[in-house]
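Sequence and predicted structure below; questions after.
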Amino acid sequence: MLLLFKLHLPAAVNAWYITRPDSCILSFAFHLPKIVLMSESLKIAVHGAAGRMGRRVVALASADPSIDVMGAIENDQSALLGQDAGDLAAVETLGVPVSSKWPNEADVVIDFSLPEAIDRCVEKCVAYKTALVVATTGMTDLQVERLQNAANTIPVVWAPSMSLAVNLSMKLAQQITEKLVNVPGGLDVEIIERHHRYKADAPSGTALKFGDMIADKLGDDTIHVHGREGHTGQRKRNEIGYHAVRVGDNPGEHTIVFGMLGERIELNVAASNRDCYAAGAIAAAKWLIGRPAGMYDMFDVLEM
Ligand SMILES: NC(=O)C1=CN([C@@H]2O[C@H](COP(=O)(O)OP(=O)(O)OC[C@H]3O[C@@H](n4cnc5c(N)ncnc54)[C@H](OP(=O)(O)O)[C@@H]3O)[C@@H](O)[C@H]2O)C=CC1
Ligand SMILES: O=C(O)C1=N[C@H](C(=O)O)C[C@H](O)C1
């Protein structure tokens, strides 16, 4: 029997190979990419599998015939340990129990967890040379540094929003800023984000990324101001203001206000449900397989 597999190499070599199964080398040593047998399903483990996002990833991934959801990782205190991940996600029973044990056979881990959970996830993925999609927001600078170090060893996609519409809007926001940065009378940029009442971090990772990308075009002296209260004095020319609204079950909405004297533009991007993020993370997982170690984002995945 012959098996087909695809090999992604750092250089311009990226081709289809044919080999016999008994001569397959499943992974190269340190720094080199895994070779994934394309005749097999992509083995995905979900970190934070019982959470709001984890359940949607399980639901969408289990409906994809090219994916085998083989791990559903949760914290060792979770009341949901042992429950079937498919049942929790309200799809078919998958025979994959929610567990705190790390599945060492995964090709990719998709993480939608919490900052307090991310370090172990990164360590395990490095230890097992597993590709990693990180969607968790609110990480500390040190955690980001650790993730960046991990990307020297494994391929990582890291983005505060996996949504196509959000990533496109980020590019549009940069273009708008570029066009308006020197407008007579000056430009005021404010970012309003709205999320569900359960969200733990503020402002959203997405709002911060919008702010960073806009600041790139505004200039190095940009000041990031989080909310306003009291006798604040006049707004400074070089501020970006952030406002975090927490209401009901909003799955995520961002409005970037570009205010000028006499007119304004509001760029609004809103999710109707969480599937835009789950689908984006699954696309990132597929894209990541076979890539060399490195830090990637959704602009890479979406080729923007
Ligand atoms: N990049 C993107 O596109 C998106 C990112 N997000 C981000 O994803 C993260 C998760 O969001 P959401 O699903 O709403 O949050 P949830 O709180 O619903 O889910 C987080 C899950 O992680 C679990 N968890 C806690 N500790 C650990 C651990 N040590 N190991 C494994 N799992 C653990 C939690 O379990 P328990 O409840 O028992 O603590 C919970 O089930 C947030 O940071 C959010 O901002 C969300 C949407 C889109
Ligand atoms: O917690 C959420 O829900 C979301 N978090 C992400 C963020 O902080 O940017 C992405 C999305 O907006 C939903």
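Sure thing, it's come through. Ligands and ions are numbered 1, 2, ... in the order given.

which residues sit against stretch 84-94?
Residues outside stretch 84-94 that contact it (C-beta atoms under 8 Å, 6 or more residues apart in numbering) are 46, 49-50, 55-56, 58-59, 62-63, 69, 72, 80, 95-98. Every C-beta, even on glycine, is put in place using the N, C-alpha and C of the backbone.

most neighbours, which of these?
Greatest neighbour count in the contacts of stretch 84-94, by other C-beta atoms under 10 Å, goes to Val46: 36 neighbours.

Look at it and report its pLDDT.
With respect to pLDDT, Val46 has a value of 98.

Residue numbers of this protein in contact with ligand 1?
47-48, 50-54, 73-75, 78, 112-114, 117, 135-138, 159-162, 201, 277 (C-beta under 6 Å from any ligand atom).

From what I see, Ile118 and Thr140 are in contact.
No - with contact defined as C-beta atoms under 8 Å, Ile118 does not reach Thr140; the gap is 9.4 Å.

ok, these two, which is more surrounded?
Ile118 (22 against 11).

which stretch of helix or strand covers the more buried one?
helix 115-128 (DSSP states H and E).

what about the residue of the stretch 1-150 of the chain found nearest ligand 1, how many neighbours?
Proximity of the stretch 1-150 of the chain to ligand 1 (C-beta to the nearest ligand atom) peaks at Gly51, 2.0 Å away. Residues lying near Gly51 (other C-beta under 10 Å) number 21.

Roughly how far does it sit from Glu303?
29 Å (C-beta to C-beta, to the nearest Å).

Return the residues of this protein in contact with ligand 2.
So far as C-beta under 6 Å from any ligand atom goes, the chain lies against ligand 2 at Thr137, Pro160, Ser161, His195, Lys199, Ser204, Gly205, Thr206, Gly252.

so where is the stretch 201-304 of the chain shaky, pLDDT-wise?
Regions of the stretch 201-304 of the chain meeting the criterion pLDDT under 70 are absent.

In it, what residue spans correspond to strands?
223-226, 239-246, 253-259, 264-270, 294-296 (DSSP state E, counting those that start in this stretch).

Just say which of these is most tucked in.
For the strands of the stretch 201-304 of the chain, the largest average neighbour count (mean count of other C-beta atoms under 10 Å) is found in strand 253-259, namely a mean of 20.

Contact partners for the spatially most central residue of the chain?
Central residue of the chain (C-alpha atoms, centre = their mean): Ala135, 3.1 Å from the mean position. By C-beta under 8 Å, 6+ apart, Ala135 lies in contact with Met53, Ile110, Asp111, Phe112, Ala159, Pro160, Met162, Tyr277, Ala281.

again with Gly219
Residues in contact with Gly219 (C-beta under 8 Å, 6+ apart) are Val181, Asn238.

Grab the two from the residues of the chain next to ligand 2 that are most spread out in space.
Greatest spatial distance among the residues of the chain next to ligand 2 (C-beta to C-beta): Ser161 and Lys199, at 13.2 Å.

Those two: which is more packed in?
Comparing Ser161 with Lys199 by other C-beta under 10 Å, the one with more neighbours is Ser161, at 26 against 19.

Give me the buried entries from the residues of the chain next to ligand 1.
Buried residues within the residues of the chain next to ligand 1, counting neighbours by 16 or more other C-beta atoms under 10 Å: 47-48, 50-51, 53-54, 73-75, 78, 112-114, 117, 135-138, 159-162, 201, 277.

sorry, back to before: can you check the pLDDT for the residue of the stretch 1-150 of the chain closest to ligand 1?
You'll see Gly51 listed with a pLDDT of 98.

Assess the claim that it and Ser113 are in contact.
Yes - under the criterion of C-beta under 8 Å, Gly51 makes contact with Ser113 at 6.9 Å.

what's the closest non-adjacent residue to the residue of the stretch 1-150 of the chain closest to ligand 1?
Spatial nearest neighbour of Gly51, chain neighbours left out: Phe112 (6.0 Å); criterion: C-beta to C-beta, 6 or more residues apart in numbering.

do the same with Met70
Leaving aside its chain neighbours, Met70 sits nearest to Lys43 (4.8 Å; criterion: C-beta to C-beta, 6+ apart).
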